[in-house]
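# I would like the atomic coordinates for the input below:
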Amino acid sequence: MKTYPVVEITFSPTGGTKKVADLISCYLGNITNTVNLIRHDVSFSDVTVPSDSLAVIAAPVFEGVIPDIAIERMKEIQGNHANCVVIAVYGNRAYDDGLIQLKDTAELCGFNVIASVAAVAEHSIMRQFGSGRPDEEDSKELKKFAEEILEKLSSDKELSTDYFVPGSHEYKRLGNLSVVPKANASCTGCGKCAEACPTGAINKNNIRTGDSSKCISCMGCIAACPKGIRKLNPVFLAAASLKMKNLLSGRKPNEIFL
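Presented below is the predicted three-dimensional model:
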């Protein structure tokens, strides 16, 4: 079966979304270019995807929608009528309006969105939920999804972008969580957290705290800290885990729409 040159576009603060995107991308073809939407110090307006490429666009679902900053940066990219697969990655609760929002945004950028995937990764805040995902079982399922996408691309029929995707075009945000990770006195000031922050909320001159007006609670700084020093308040984390246990427990599905 024919494979394609793949341009991978991701917003993945803690790495889970990138892991899912990589699994699907490698089954679809060879990754010829990667666009990291985490970068807050670059412009994406000069990114034009070749029309003969297959774009894979992946972003996480936060509180029912894709983070605003990820959508804003996506909208700078020129899709150039390239075929595209969008992936909304959720932390073992639900993907709500995130998948349809991602599809709509990619279409606004000029992509032909031929498939939409909802996939599970480890929860970015309460990491015991969806722990280890995507795992081996997910890898097999995502490979099957990729095969279905390649079959659609190789079909003699005209490619359809008009297919059902769950969710509402209102893109309803389910809450407004604002928790800012902080480092303690053991922080060495290496600056890895500031480099990883997608909004520039961490000042390298005041590395232990974060600007709450900029922080999107993505936990990228926690994932980037080499010493495991940057953390959330443990009392908050325990209370949130208890409150969300019923919603976040169990194995939630990966789904494809095409």
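# residue closest to the middle of this protein?
Among the residues of the chain, residue 59 comes closest to the average C-alpha position under C-alpha atoms, centre = their mean, at 2.2 Å.
# give me the beta-bridge partners of it?
residue 88 (DSSP bridges).
# Against residue 228, how distant is it?
Applying C-beta to C-beta, to the nearest Å, the value for residue 59 to residue 228 is 26 Å. (C-beta placed from N, C-alpha, C; glycine too.)
# What of residue 221?
Taking C-beta to C-beta as the measure, residue 221 falls 12 Å from residue 228.
# Could you do residue 8 as well?
28 Å.
# Settle it for me: which of those two has more neighbours?
residue 8 (23 against 8; other C-beta atoms under 10 Å).
# show me the contacts for the more buried one.
Contacts of residue 8 were listed using C-beta atoms under 8 Å, 6 or more residues apart in numbering, and they are 21, 22, 25, 31, 33, 34, 35, 55, 56, 58.
# Make JSON lines from these and add distance to residue 129 to it.
Listed next are the contacts of residue 8 as JSON lines, based on distance: C-beta to C-beta, whole Å:
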{"residue": "21", "distance to residue 129": "21"}
{"residue": "22", "distance to residue 129": "22"}
{"residue": "25", "distance to residue 129": "25"}
{"residue": "31", "distance to residue 129": "29"}
{"residue": "33", "distance to residue 129": "33"}
{"residue": "34", "distance to residue 129": "28"}
{"residue": "35", "distance to residue 129": "29"}
{"residue": "55", "distance to residue 129": "30"}
{"residue": "56", "distance to residue 129": "25"}
{"residue": "58", "distance to residue 129": "20"}
